[in-house]
Structure formats: C-alpha cells, structure tokens
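Student: no FASTA, just this:
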C-alpha cells in the first residue's frame, strides 16, 4: 500500500467525488450550481489516492480523500472540501503537504480556507469541536482533527464565526414605537403592509423587476465597502451573488432577499438575504428553517432602526401561512469578535449551536 496525490481539472470527475469532501449531501439539483462555480473559479482538485493490491496481484487506485483548489488573485490560493475518508492523521498530513507544495510551487503567498464552493450550499470553515452536528444548509461538518493538524503546520485562525439557533419570533414593524415615531404608520399600511408612510425608507423583496444590472452592482458595492473583511470571505462576489439569487428563487421564496432604498435619494442603503434550509421540511414540503446569512446597512443610516424594519418585514412573511413556507427557526451567523451582535442574538432567545474557522497560512 502506498499514498500519492493526483491533480485533476475534469469538472465531471470532481462532481463524481466531491461527496468525499463534505457531509452535506450532493443532491442532483445542486450539481448545476457546483458545475457553474467550478467553471467560474477555474477550480482543480488534488485527489489523495492509495494503491491497493487486488486479486491476482493487480494494483488498483482507490481515491480516499480530496481538496478543491482555486485562486482569485495572484497571491491567495483557496482550498475547500478538504477531507479524507478515514480521518487518519497520516492521510490528512499527506494531503495537506500536497496542498502546501502546490501553493509554494505556484508562487502563492497565502493559503486560505476551507471555502466550499458554492458556499450558498456547502459553506466554509472547519467546524469547531463541541458544535451541534445536525444537517443545515451552508454548515460543513468535520471532526476537530483537521484544524489541529493544520495549526501544527503553521495555519492561523483568520476568522471565527458562531451561529446562533434562533426561534423565529414575530415582530410587526408597524407596532414598533421607534418606527412609529419616524412615521412608518402615516400611510396606507392597513391595505399595503409594506407601505412605510413617512418613514424615509422603502422596503422591497426579491422580484423579477428588482434584479437588474444596476441593483446588482449597488449590492456588490454596498457589501465590498461596508461589510467587515470577515464578512467577505468568499472570493468572486459577483459569481457568489448570482448563485445566492438563483438558489433562493429555486428552493426558497422571494421574500428571502430584500432591499432598502432611501426615498429622498433613491439610493440602496441596506440589503440582506436568508438561505433556505432544504434539509428541514414539514409534511407539506414547506421549509421549517433558514439561515439569516447576511445583511448590511450603510453606516450613515445605521441609527434609523433599519435592522428592526428588515427583520420585522421578513419574519412577518416567514410566519404568514399565505406565503410559501412557514419558518420556525433560523441560524444567525455572528463573528466571534462581535460581542454586541452575540448579546442581541441571546436576548432574542438564540443559543450558540455551531462555530466554524477559516484558517490561513503565510508562505515564506
């Protein structure tokens, strides 16, 4: 028996074996998203193979592990789906050495990951020991041996994200005192729930008329300028954004992505989205849960209760029997360093259930 690695650029071969690198199922409906990202990122795979002696003395190759590799700049090599079947230390080390050697031989300055494209489905990060291992969209599962071995090889923690399991509490924006004081009820909200009256902002959900090249560019600009670096883990934001929109429209509901414009200027000042958890459905095939994946507010507008407005309008639709799906719970991602957001999650009944790490190696 001997170990060796092999690099493949064959997208179909990668799809055939990508299940090795994740505990999240590779459903047939997901394959078009995977194929799209493999092409967009020009991804390759490093397979870990073991030679086995078969009957009659013949040698056969057996793929026992893999890691996806791709770049988005001249200096960063990203990896994802890093996993070996048996989680043996020597097998993990062998594959990791191959990853590092590839980074060095191709003149990358940093190796960063795991980023499991498409992240809308497979997420990113190594799961921290003690995390809840229930199946949830975008939350990869792995034993803690991986990050321990990576750290011994010199990888440092670049970012840690905690996820809070939240009950979907109803919140009607038209009953919030601060929003009422700002004029939200000075309109026709009794006939049009989303009428914000004299409140200076307009709330909109995903619709065919909303995703134009203009608004798509506005959203990307908002995220690139005002999200912290920890919130911009995934490279190729435009490709990632398209996948998110398509995934929400196919598996979720249009209210799972929203936009807020300032009425006076028409400028986009806030945006957010939730990812449908396709692995948690009721007997009617309706979603029970979703991940409040991200939202961003322009810093000049952060004291106008836009977070309350967005959550209230979204959760009202999530709890409305007349709309698709009926959400009972959600996961709220919070950067481990963001104490204020963590406290807010706890006040709303959230309990920390999962944590993930992004690791990075500086290549000397």
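Tutor: Received it, and whenever you're ready, just let me know what you need. The structure presented is a predicted model; accordingly, all values stated were derived computationally and were not measured.

Student: so what's residue 32 up against?
Tutor: Under the criterion of C-beta atoms under 8 Å, 6 or more residues apart in numbering, residue 32 has no contact partners. (Glycine included, C-beta is placed from N, CA and C.)

Student: ok, it to residue 243 distance?
Tutor: Distance of residue 32 to residue 243, given as C-beta to C-beta, to the nearest Å: 10 Å.

Student: try residue 185
Tutor: 38 Å.

Student: these two - which one has more neighbours?
Tutor: When residue 185 is set against residue 243 and neighbours are counted by other C-beta atoms under 10 Å, the residue ahead is residue 243, at 23 against 20.

Student: do you have the strands of the stretch 1-150 of the chain handy? List them.
Tutor: According to DSSP state E, counting those that start in this stretch, the stretch 1-150 of the chain carries its strands in the segments 2-8, 44-53, 59-71, 76-84, 110-113, 126-127.

Student: residue 176: which of the ones you listed is closest?
Tutor: Relative to residue 176, the nearest member of the strands of the stretch 1-150 of the chain by C-beta to C-beta is strand 126-127, separated by 36.2 Å.

Student: can you list contacts of that closest one?
Tutor: With contacts defined as C-beta under 8 Å, 6+ apart, strand 126-127 is touched by 114, 133, 139-142, 144, 146-147, 150, 354-357, 359.

Student: which one of the residues you listed is nearest to residue 286?
Tutor: Nearest to residue 286 among the contacts of strand 126-127: residue 139, at 20.6 Å, using C-beta to C-beta.

Student: that closest one: what's it in contact with?
Tutor: Under the criterion of C-beta under 8 Å, 6+ apart, the contact partners of residue 139 comprise 24, 123, 127, 163, 291, 331, 354, 356.

Student: again, but for residue 218
Tutor: Counting by C-beta under 8 Å, 6+ apart, residue 218 has contacts 267-268.

Student: for residue 200, same thing?
Tutor: By C-beta under 8 Å, 6+ apart, residue 200 lies in contact with 182-183, 262-264, 304.

Student: hmm, back to that, now the buried members of the contacts of strand 126-127.
Tutor: In the contacts of strand 126-127, burial by neighbour count holds for 114, 139-142, 146-147, 150, 354-357, 359, counting by 16 or more other C-beta atoms under 10 Å.

Student: export those residues to a markdown table and append columns for pLDDT and distance to residue 98.
Tutor: Compiled in a markdown table, those are given as follows (pLDDT from 0 to 100; distance: C-beta to C-beta, whole Å):
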| residue | pLDDT | distance to residue 98 |
| --- | --- | --- |
| 114 | 95 | 15 |
| 139 | 92 | 27 |
| 140 | 92 | 21 |
| 141 | 92 | 23 |
| 142 | 91 | 18 |
| 146 | 95 | 15 |
| 147 | 94 | 18 |
| 150 | 97 | 14 |
| 354 | 94 | 29 |
| 355 | 93 | 28 |
| 356 | 94 | 23 |
| 357 | 94 | 21 |
| 359 | 96 | 16 |
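
Student: among these, which ones are in helices?
Tutor: Among those, the members falling in helices (DSSP state H) are 146-147, 150.

Student: surely residue 274 meets residue 251?
Tutor: No: proximity of residue 274 to residue 251 does not meet the contact threshold set by C-beta atoms under 8 Å, at 11.5 Å.

Student: out of those two, which sits in the busier spot?
Tutor: Neighbour comparison, residue 274 and residue 251: the larger count goes to residue 274, with 27 against 19 (by other C-beta under 10 Å).

Student: which SSE is immediately downstream of the helix or strand where that one lies?
Tutor: Here residue 274 is covered by strand 268-276, with elements defined by DSSP states H and E. Beyond strand 268-276 on the C-terminal side, the first helix or strand identified by DSSP H and E is strand 289-297.

Student: quickly run through the sheet partners of the strand holding residue 274, with directions.
Tutor: strand 257-262 (antiparallel), strand 289-297 (antiparallel) (DSSP bridges).

Student: and the shortest one, average pLDDT?
Tutor: It stands for strand 257-262. Strand 257-262 shows a mean pLDDT of 92 in the predicted model.

Student: and that strand, how far from the chain's centre?
Tutor: Averaging C-alpha positions (C-alpha atoms, centre = their mean, to the nearest Å) puts strand 257-262 20 Å from its chain's average.

Student: what of stretch 118-133?
Tutor: Relative to the chain's own centre, stretch 118-133 is displaced by 9 Å; criterion: C-alpha atoms, centre = their mean.

Student: how about stretch 267-286?
Tutor: The mean C-alpha position of stretch 267-286 is separated from the chain mean by 12 Å, C-alpha atoms, centre = their mean.

Student: in it, what's buried?
Tutor: Across stretch 267-286, burial judged by 16+ other C-beta under 10 Å covers 268-280.

Student: span of that stretch from start to end?
Tutor: 34 Å (C-alpha to C-alpha, to the nearest Å).

Student: for the remainder of this discussion, apply numbering that starts at 47.
Tutor: Sure, I'll start counting at 47 from here, so that last one is stretch 313-332.

Student: thanks a lot, catch you later.
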